[in-house]
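Student: Okay, here's the prediction I keep looking at, along with the sequence it came from:
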Amino acid sequence: MKDLLKLAMTAFTVLLFAVPAFAYPDVSPEHWAFDRIELLTEQGVIVGYPDGTFKPDENVTRAEFASMAIKALGQEHATVAQPVNFTDITPEFWAYDAIQKALYFELVSCPEEGDVFRPEDTVTREESITVAVNALTTEQISADKAREVLAKKYKDLSSVPEAFVIPAGKAEILNMLVTVPAARDIIDAERPATRAEVAAILFEMTEQAKLNPNSKLAEAMRKKTGEGYVIEGAFVEGSFGTIPSGTLLPVKLSKYASSQSSEAGEVYMASAPQNYVTPEKYILVREGANLKGQFLDVRKGKWFVRNGVLVFDNSLITTTDDQTAALPGVCEITKDRNWFMKFVRFVFKGEKLDVSPEDIIYIKLLKPVKVDLTNGWIME
C-alpha cells in the first residue's frame, strides 16, 4: 500500500511539473505556435485576455504590434529625443511611446511631417513581417532576386505588393517568412495577421536581432562602458548587472547635515559623485543620479551624556534617465579616531557628527539592485 501511495505521489508530481508555465485553455501544446506563444508570454511581450484565453486567431492592431515589437527587442525603456507628430495620436495615447520608439529604431517608416499612423487598424502580415526585417542588418538584394527566391515556394507571388517583395525575399532567406501549416505555400501579404502569427514573427525577429540587429538597435543593445567607482562584488549576466546586497555606495549630500542641527524624519537629497561600474567597467549607475531618503536617527552629542548619532535611511534613486526606483540602504556616520581619541570619546562622550556637501558618505544597500546595462534601467 505504501509503495502504491509513493507511486501515486510521484505520478502527481510529474504531472504537476509537466504543466506549462502558462495555461491558455485555447492554446494546446499541439498548436503550431505553442512554443513561441509560451516563450513570449513568459517574457511579458504578449499577454492573454482577462478571461485567461489567448485567442490565437484574433487580429492585432498596429498600435498593439508596435508595443509588442519594442518589448520583444527589449527597448521599452529607450528614450526618443525628437518624437514625430501624427494627426491621429497624441502623447496621451497608451501606445504613443512605443510607436515613437518603433519609428526611432526604423522598424516602421512614415512621412517626415507625420501624417496618420492608423493605430487601431489591424496589422497585416506584410506590415508585421516588414517590421521584423527592418529590425535587422540584412544583405541587400534586388527585387528580381527576391522574386526568384519566393517563386520557389509560394504560389501567390503575383499578388504580393511591390513594396513588400524585397522584405518578403529577405524574410524567406532568413527562414522568418511565417506561414500557417495549412497554407505553407501562400504569403497572403495583405491579410490581417493573427495573434499566433504575430507571436511567431516576433520570435523569429528577436532571434535574428540577437545576431544582426540594425545599426540603431545595435547601439541600444550594447552594454555601456565607462570609468568610475568600481563595485568589486558586482556581477554581470548577459545584458544585466547586479549590485549585491551589502555593497557600500559612495554619495554626496546636497546640503550640510549634523547631529546637532538635523532632525529625525527630515528628508535629505544626495547624488552619485561618479559612475558606479562593474569590474569590467560596465556602467551600472551614471554620475549625477539622485538619491533620496530621510534621517533615521539623530541625537545630539552632549558632554558626559552621549556621543552624537547620525543615521541615514535611503529609499529612492532617480537615474539620469529620470527613472525613479527603490534603493533601500542605510548609513551611520562615524569618525575615524586613533586609539587615544576613541578612549576619550568612550569615557567623556560628547562627540559631534557632521557631513558637508564636499564629503563622501557610503550607503550600505539592504537588497540587491539589478540594472539593464544597455540603458541603465533599474529592474524592480
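Tutor: On my side now, so go ahead. For clarity, every value in this text was computed on a predicted model and none was experimentally measured.
Student: where does Lys6 land on pLDDT?
Tutor: On pLDDT, Lys6 comes in at 41.
Student: Next: Asp322.
Tutor: pLDDT for Asp322: 89.
Student: And for Phe86?
Tutor: On the pLDDT scale, Phe86 gets 89.
Student: contacting residues for it?
Tutor: By CB atoms under 8 Å, 6 or more residues apart in numbering, the residues touching Phe86 are Ile99, Cys110, Gly114, Asp115, Val116, Phe117. All C-beta spots, glycine's among them, are computed from the backbone N, C-alpha and C.
Student: farthest-separated two in those?
Tutor: Greatest spacing in the contacts of Phe86, by CB to CB: Ile99 and Asp115 (13.0 Å).
Student: Compare these two (neighbour count), which wins?
Tutor: The neighbour comparison of Ile99 against Asp115 (other CB atoms under 10 Å) goes to Ile99, with 26 against 13.
Student: did I read that right, the more buried one in a helix?
Tutor: Yes - assessed with DSSP: H, G, I helix; E, B strand; the rest coil, Ile99 lies in a helix.
Student: That one against Ala66, yeah?
Tutor: Yes - counting by CB atoms under 8 Å, Ala66 is a contact partner of Ile99 at 4.8 Å.
Student: and for those two, which residues touch both?
Tutor: Common neighbours of Ile99 and Ala66 (CB under 8 Å, 6+ apart) are Val108.
Student: pLDDT below threshold where in the stretch 251-380 of the chain?
Tutor: For the stretch 251-380 of the chain, the stretches with pLDDT under 70 are 337-348.
Student: residues contacting Val180?
Tutor: Val180 touches Trp32, Ala196, Glu197, counting by CB under 8 Å, 6+ apart.
Student: Filter these down to just the ones in helices.
Tutor: Judged by DSSP state H, the contacts of Val180 include Ala196, Glu197 as members of helices.
Student: most neighbours, which of the contacts of Val180?
Tutor: When the contacts of Val180 are compared by neighbour count (other CB under 10 Å), Glu197 ends up highest, at 26 neighbours.
Student: Distance check, it against Glu332.
Tutor: Separation of Glu197 from Glu332 (CB to CB, to the nearest Å) stands at 58 Å.
Student: Please apply the same query to Glu38.
Tutor: Glu38 sits 48 Å away from Glu332, going by CB to CB.
Student: neighbour-wise, which of the two wins?
Tutor: Set Glu38 next to Glu332 and count neighbours by other CB under 10 Å: Glu38 wins out with 19 against 14.
Student: tally of neighbours for Pro273?
Tutor: Neighbourhood size, Pro273 [other CB under 10 Å]: 15.
Student: give me the element it is part of.
Tutor: Assessed by DSSP states H and E, Pro273 sits outside every helix and strand.
Student: so what's it up against?
Tutor: So Pro273 contacts Tyr229, Pro250, Val251, Lys252, Glu287, Ile360 (CB under 8 Å, 6+ apart).
Student: correct me, but the first one touches Lys281?
Tutor: No - counting by CB under 8 Å, Lys281 is not a contact partner of Tyr229; they are 11.2 Å apart.
Student: out of those two, which sits in the busier spot?
Tutor: For Tyr229 versus Lys281, neighbours defined as other CB under 10 Å are more numerous around Tyr229 (17 against 14).
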